[in-house]
Each structure stands twice: as structure tokens, then as C-alpha cells.
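Visitor: Quick one, structure for this:
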Amino acid sequence: MFIDTHCHLSLEDYDDISSVIEKNREAHISKMIISGCTRDTIEESLSLTDTYPDVFATIGYHPSEATKTTDEDLALLEKQIQHPKVVGIGEIGLDYHYGKEDMEKQKDLFRKQLRLASISHLPVVIHSRDAVEDTIQILKEFPDVKGDIHCFSGSLEVARIYLSMGYLLGIGGVVTFKNSHLKEVVKEVGISKILLETDAPYLAPEPFRGQKNASCMIPIIADKLSEILEIPVKEVAFQTTLNAENLFDLH
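Guide: Numbers count the residues shown, from 1 in each chain. As a prediction, this is how the structure comes out:
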């Protein structure tokens, strides 16, 4: 059995969510952790966790929401994370890919949500795009907070920094891409520090690259990790599930 530690499940992306979840179950996905990272998707995610027993959520405001997120939103988030099936705060972080015009607002929102994670003793799911140095520096301000570096795509050096801070690495479909350097990172890091994720509906693995992703494709990612690490797929499933259960308290 597998756990998809990070995916998006919304009517905006899927016509029939019940059908998607059933296909995921058929692919031996025992639990799905969906990410609500805007006002609307946070509400939708909480509703889905109430409907499906194997769906859990992490909620928090994505850096792209930095100019829109109000103090009232954050006050509500503080209440929403008390939902029994919220297992973390995220995805939160920094994203400078499209520019740095709102950089200070992103940093402020990031710190406020890390502070909330510290107070609530919840793990975080970190989004970092073209912002590695600032992400690491801000995370160092909150040494008691631990979590998942979602969709990790950095160097081995960066991976080691995150691991030394107590974070795990979320590995998804990118590891199957022909020119991906993640294979070297995975080989050095080892399965004990890895979480499986899809980031569905994005980043489908080969040979489905460019198509709509779903949690049912987790076994493809697991097969690739098995190949890279030269260990049985059963071991990949067991250890990544254990990693997810321990981080997100899913026992």
C-alpha cells in the first residue's frame, strides 16, 4: 500500500472525484493527502475529507496568494487546522519564478504560517521555487518546525541542508523524466528520507508526461525509486508509508 502525501483534488480539475478516488484505491493507494492552498480550495479540501475516509488534508496559503491573504484569512486558518483530518500546514513557502515584486509579502505570509505550525505542533509542506536561499534562511528561524519539502528538485547539497534540519523530501513524477538529476539525489539520500507524492493533477510521470496526473500513478514513481535504489518495490512502499505516517501522524 502507498500514501500520496501531496496532491490536489478539486472539481476544477476532475469531473468525477469519486471515480478518481476509486481508481486510486484500485492502485493500492491507502491514503491521499490533498492540499488546500487558497480560500476556496481549503474549504473544498475540508469538505472532501469529511466525505472520504481515506482522504486527509494539509491546508495553508500558497505564496501566490501573498497579496490576497488577509489577517482574517489567517485567523480562520488557525481555526480550520483544528479539523480532525488536517494533518499539516501547506503548501506554504516562497515562489520567485514569476518575479520578486511581492517578495516581502511572501516572506511575511510564510513566517506567519510557520509560526502557526510551531504553536500548533503541526508539520509543514514547503513550496520553494527559485527561492532556495530565502526558504532555508526562514526555515532556520523555526527550528522546532519539521515537514516535507514538496516536489523537491534541488541539488544534493541543498537536499543535505534540508535533511539536516529534519525535513523529508517529497519525490514525484519528475524523477522518471529522462534528464532528471533527481536520480543522483535519491541514490545518495536513501528511502528513509523520502515521501511519495504526485502533485496531481500536475507532473504526471513518464510515460504519461503532459497528461493529467492522479494518485493512481504513485506505483510508477515507486517502481522508479526501486530501480534507482536497487531495492524491492515492497520496501519502497513500506518505508515511504512509514515515513508519511510518522511525519503526518497517520497511525
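Visitor: In the stretch 1-150 of the chain, mark out all the strands, start to finish.
Guide: 2-7, 29-36, 55-59, 86-95, 124-129, 147-149 (DSSP state E, counting those that start in this stretch).
Visitor: wouldn't residue 205 be in contact with residue 220 here?
Guide: Yes: the pair residue 205 / residue 220 is scored as a contact, 4.6 Å apart, by CB atoms under 8 Å. Any C-beta I mention is one placed from the backbone N, CA and C, and that applies to glycine too.
Visitor: With residue 203 as the reference, measure out to residue 84.
Guide: 29 Å (CB to CB, to the nearest Å).
Visitor: These two: which has the busier surroundings?
Guide: residue 203 (19 against 8; other CB atoms under 10 Å).
Visitor: Does that one belong to a helix, a strand or coil?
Guide: Here residue 203 is recorded as coil under DSSP: H, G, I helix; E, B strand; the rest coil.
Visitor: Residue 173 is in contact with that one, correct?
Guide: Yes: applying CB under 8 Å, one finds residue 203 in contact with residue 173, separated by 4.5 Å.
Visitor: and for those two, which residues touch both?
Guide: residue 213 (CB atoms under 8 Å, 6 or more residues apart in numbering).
Visitor: Which neighbours do residue 205 and residue 220 have in common?
Guide: Contact criterion CB under 8 Å, 6+ apart; residues shared by residue 205 and residue 220: 173, 176.
Visitor: Of the two, which one has the most company?
Guide: residue 205 (22 against 18).
Visitor: Check what pLDDT the more buried one gets.
Guide: With respect to pLDDT, residue 205 scores 97.
Visitor: and if you look at the one 4 residues further on?
Guide: In this model, residue 209 is scored at 95, pLDDT.
Visitor: now do residue 11
Guide: According to the prediction, residue 11 has pLDDT 89.
Visitor: And for the residue nearest to it when sequence neighbours are not counted, the neighbour number?
Guide: Excluding the flanking residues, the one nearest residue 11 by CB to CB, 6 or more residues apart in numbering is residue 17, at 6.7 Å. Residue 17 has 17 neighbours, counted by other CB under 10 Å.
Visitor: How about the contacts made by residue 17?
Guide: Applying CB under 8 Å, 6+ apart, the residues near residue 17 are 9, 11, 48.
Visitor: Buried ones among the residues you listed?
Guide: Neighbour-count burial (16 or more other CB atoms under 10 Å) is assigned, among these, to 9, 48.
Visitor: List the ones among the contacts of residue 17 that fall in helices.
Guide: Secondary structure defined by DSSP state H assigns residue 48 of the contacts of residue 17 to helices.
Visitor: give me the number of residues near residue 190?
Guide: Using other CB under 10 Å, residue 190 has 12 neighbouring residues.
Visitor: Kindly report the same for the one 5 residues further on.
Guide: A count of neighbours around residue 195, defined by other CB under 10 Å, yields 26.
Visitor: Could I get the average pLDDT for stretch 167-174?
Guide: On average, stretch 167-174 scores 98.
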